[in-house]
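J.: A structural model of the following input is requested.
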Amino acid sequence: MPDLFPNAPFSVQPEPGRTEPRLWVKRFCIWSEPGVLVREIVLREGLNIIWSPDSRDGKAPIGHGAGKTTFCRLLRYCLGEETFGSRDQRSRIHSAFPKGQVGIEMVLDGKQWAVVRSISGRARDIVLQDATLEQAQESDVPTTMEPLVSAIQNQILPGVAALMPPNVAPSEVWQAALAWLSRDQECRFGHALEWRHSSTESLSPVRDLSKEHTLQIVRAIIGSITGEELLLQKEGTAAGSDAESTSNQIDRLDGEIKRVQVKLGAAFGTAAINGGIGPMDMAAIEQTIRERFPELSPLQASAVRERKRRASAERERAQEKFSGLNSDLRDLETRLAGHEELLTTYKGQLARDNRGVVLAEHSPCPICEVPLNAVLEGGCPCTADTGYLEEVRTRRKQTLTKVEEFTNSVATKKNERRDLIAAVSRAKSELATCQLAEEKAESEQDRLFAASRDGDRLLEKAKELEELVKERAEAITQSSSGKKLHDEREGQIRLIRQQNEGAVRRLSQLFDVVIRELVPGEIEGNVLIDGKGITLKVSQGGERSTAAIESLKVVAFDIAVLILALEGAASLPTFLLHDSPREADLGQSIYDRLFRFIQSLEEKGHFQYIVTTTTEPPSDLSREPWLRATLRGGPPQDRLMGCDL
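T.: Next up is the predicted model:
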């Protein structure tokens, strides 16, 4: 059905002198081993459709799982990307094809290149210029991908490396651009700056980039950023960062100043010392501090220390005297206790000796039974032996002498103990007096020195406050300078962007054209790009924003950039690979118009647009030359790899 409001034809100013795309792929091949071809897809300029028909009756295999996404990843692998799938997918392909290879014939600025890469896990890449795939397979000398990647960067993206974000190395510029030209299907065309999805385990340099850095890649490629802007941006960012850091420093200094003010105020008996401190304030504060906390002169300090030293010496002498007397008393008491114990022992012995003498004097003679005392007086007719009695009396006499000796000794030592106890008491009293004198001298010394030290500490706090206030003033000046420089650079950047907004303006015009071609009726599109982000707007009786519209915006944005490159206004090849854009919620009518619009571009310039789809293309385009391959979910031989992985 014809549109009620057909859009006026738009014009493209293709880059003059071009007879074919600067970069395009002619052949895509998969080999299970060298020389054994599994799949060959011949591609062309313009629209290339890889179709995997979905089941209509529910009995035939579905279109999913036929290998469309694998085709896209193997193709971009041959164009220089590091991997062609997740670790699990690569493992399955390695198992199925231990000697497998994939390759492309492509054209770069009129020169044919052949690329053959291993898919078996062994890094063996062959890249030859002016050669066919068959010739490349016959080569025994691996080259790596560097010759092709360097050629693409030097010929199509010259100077772009200097404009890339710091996360993208100079050797990775083409891989970053390739990520944009061949979005992961898993990103579902959800945002203009989302190119690689984490689930694909891609090693592309864009996989962990922020939106800000991805935007910088876009601006570098479409020519809306310059080295001068990046330099100004770097200076402005550094100035802004310094200003923010200095602002944090000012906040910290405010806290430190408040803390010192409170401490000084407490010392002076006020709530706090308010305001700053200058040289005049410092002089007054120092005088006040020394009045309240006098400083000791060297002579005063020496006299205070001497008083303390003498008091300590007197206390030590008293302590030594007291300790000596106390020790003598303990020794005396030990000896006294020993003598008292011996006296008690000898007294007991004397009592026993007295009883022995009595018994000896009245004991009868064992022969005549005459008592010994009678024998001593009149004699005994049996015997005259009286030695036993004399022996007993002599022993008693000796014991009595010991008792008298120790009785006198104990009495003497008790007198000595009484005198020592009195001497110890006097020494203890003297020691207590000396200790009090020492404590007093020490307390006085501590008081005087503490006052001097407190004054010194307060002076240090006052000087600290002075330095903090000075540092804060310098920080405020520095922060103000940083903010001023940041604002100046921001102004210069805005001016440069205004001067270079031609590329964005043209991109916005082309985006509007593509939107109008894809969506019938009164509709318009607009692209806004600044240093903070990219905004794609679609208005149709008001701004529209749904899942389908968001996907439409991204598809239209990519095609607009393709046309911009067709006009020679972007550092990109006129090459675009879209993996199943219909599955990103594009409506059937929009999808059909997408195919027709791309086909109509063939008359306006040289490009290559490769699209995979499960949805059936328009009937007049679902045939050659636009339909380049038909893949199916089954049987296995109809899948891309010719088998069930």
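
J.: Helix, strand, or coil at the nearest residue to Ser199 once chain neighbours are set aside?
T.: Spatial nearest neighbour of Ser199, excluding adjacent residues (Cβ to Cβ, 6 or more residues apart in numbering): Glu186 at 5.6 Å. Glycine gets a C-beta too; all of them are placed from N, C-alpha and C. Put simply, Glu186 is helix when judged by DSSP: H, G, I helix; E, B strand; the rest coil.

J.: Quick check: pLDDT value at the most centrally placed residue in the chain.
T.: In the chain, the residue lying closest to the centroid (Cα atoms, centre = their mean) is Asp208, at 16.8 Å. Here, the pLDDT recorded for Asp208 equals 88.

J.: again, but for Val149
T.: For Val149, the predicted pLDDT is 97.

J.: Spatially nearest residue to it, not counting backbone neighbours?
T.: Spatial nearest neighbour of Val149, chain neighbours left out: Gly80 (4.8 Å); criterion: Cβ to Cβ, 6+ apart.

J.: Equivalent analysis for Val514, please.
T.: Ala556 is the one closest to Val514 (Cβ to Cβ, 6+ apart), at 4.2 Å.

J.: looking at it, that neighbour is touching Leu518, isn't it?
T.: Yes: assessed by Cβ atoms under 8 Å, Ala556 is found in contact with Leu518 at 6.3 Å.

J.: Tell me, how many residues neighbour the residue nearest to Ser199?
T.: Neighbour count for Glu186, taken as other Cβ atoms under 10 Å: 15.

J.: The one 4 residues further on now?
T.: The criterion is other Cβ under 10 Å. On that basis, Gly190 has 17 neighbouring residues.

J.: same deal with Lys234?
T.: 12.

J.: Quick check: it vs Gln492, distance?
T.: Taking Cβ to Cβ, to the nearest Å as the measure, Lys234 falls 12 Å from Gln492.

J.: Ala556 and Leu518: which is more packed in?
T.: Neighbour count, other Cβ under 10 Å: between Ala556 and Leu518, Ala556 has more, with 29 against 23.

J.: Need the pLDDT of Asp446.
T.: 68.

J.: With Leu577 instead?
T.: 97.

J.: Regarding it, what is its secondary structure?
T.: strand.

J.: again with Leu459
T.: Quick answer, by three-state DSSP: Leu459 is helix.

J.: For it, the count of nearby residues, please.
T.: Neighbours around Leu459, by other Cβ under 10 Å: 17.

J.: do you know how far it is from Val561?
T.: In terms of Cβ to Cβ, Leu459 sits 70 Å off from Val561.

J.: contact partners of stretch 38-45?
T.: Stretch 38-45 is contacted from outside by 20-21, 24-32, 50, 71, 97, 602, 606-608, 610, 625, 628-629, 640-642, using Cβ atoms under 8 Å, 6 or more residues apart in numbering.

J.: Going by neighbour count, which of these are buried?
T.: Buried residues within the contacts of stretch 38-45, counting neighbours by 16 or more other Cβ atoms under 10 Å: 21, 24-26, 28-32, 50, 71, 97, 602, 606-608, 610, 628-629, 640-642.

J.: Parallel or antiparallel, which strands does the longest strand anywhere in the chain pair with?
T.: Across the chain, the longest stretch assigned as strand under DSSP state E is strand 23-33. Note on strand 23-33: by DSSP bridges, its sheet partners are strand 36-42 (antiparallel), strand 101-108 (antiparallel).

J.: circling back to that earlier point, and the residue nearest to the centre of the chain, helix, strand or coil?
T.: Relying on three-state DSSP, one would call Asp208 coil.

J.: Could you give the number of residues near Ser545?
T.: 11.

J.: same check, this time on the one 5 residues further on
T.: Taking other Cβ under 10 Å as the criterion, the count of residues near Glu550 is 19.

J.: likewise Ala437?
T.: Neighbour tally, Ala437, other Cβ under 10 Å: 17.

J.: How about it, nearest residue that isn't a chain neighbour?
T.: Here the residue nearest Ala437, using Cβ to Cβ, 6+ apart, is Ala311, at 4.8 Å.

J.: what do you get for Ile476?
T.: The spatially closest residue to Ile476, leaving aside those adjacent along the chain, is Ile250, at 6.3 Å (Cβ to Cβ, 6+ apart).

J.: do Glu235 as well
T.: Here the residue nearest Glu235, using Cβ to Cβ, 6+ apart, is Arg489, at 5.4 Å.

J.: With Ala114 instead?
T.: Per Cβ to Cβ, 6+ apart, closest to Ala114 is Ala136, 3.9 Å.

J.: neighbours of that neighbour, just the number please.
T.: By the measure other Cβ under 10 Å, the count of residues near Ala136 is 22.

J.: Just the residues contacting the helix or strand containing Val127, thanks.
T.: Using DSSP states H and E, Val127 sits in strand 126-129. With contacts defined as Cβ under 8 Å, 6+ apart, strand 126-129 is touched by 111-117, 135-137, 139, 141-148, 151.

J.: Buried residues, the helix or strand that comes right after that strand. List them.
T.: Beyond strand 126-129 in the direction of the C-terminus, DSSP H and E gives the next helix or strand as helix 133-138. Residues of helix 133-138 classed as buried by neighbour count (16+ other Cβ under 10 Å): Leu133, Ala136, Gln137.

J.: got the contact list for helix 133-138?
T.: Here helix 133-138 has contacts from 27, 29, 31, 34-35, 101, 103-105, 114-116, 126-128, using Cβ under 8 Å, 6+ apart.

J.: Just flag the most distant two among these.
T.: Gly35 and Val127 (19.1 Å; Cβ to Cβ).

J.: Please, which helix or strand holds the residue nearest to Lys347 when sequence neighbours are not counted?
T.: Excluding its sequence neighbours, the residue lying closest to Lys347 (Cβ to Cβ, 6+ apart) is Val403, at 5.7 Å. Element membership of Val403 [criterion: DSSP H and E] is helix 387-499.

J.: just checking, next helix/strand downstream of that helix?
T.: Next element after helix 387-499 (DSSP H and E): helix 502-518.

J.: Give me the contacts around stretch 196-203.
T.: By Cβ under 8 Å, 6+ apart, the residues outside stretch 196-203 that reach it are 73, 81-83, 85-87, 179, 183-184, 186-187, 204, 206-207.

J.: ok, now stretch 538-552?
T.: By Cβ under 8 Å, 6+ apart, stretch 538-552 touches 188-191, 515, 518-519, 521-526, 537, 553, 581, 584-587, 590.

J.: go with 10 Å
T.: 188-192, 511-512, 514-515, 518-519, 521-526, 536-537, 553, 556, 581-587, 590-591, 594 (Cβ atoms under 10 Å, 6 or more residues apart in numbering).

J.: Now list the buried members of those.
T.: Buried members of the contacts of stretch 538-552, counted by 16+ other Cβ under 10 Å: 188-192, 511-512, 514-515, 518-519, 523, 525, 536-537, 553, 556, 581-586, 590-591, 594.

J.: Inside strands: which ones of the residues you listed?
T.: Gly525, Leu536, Lys537.
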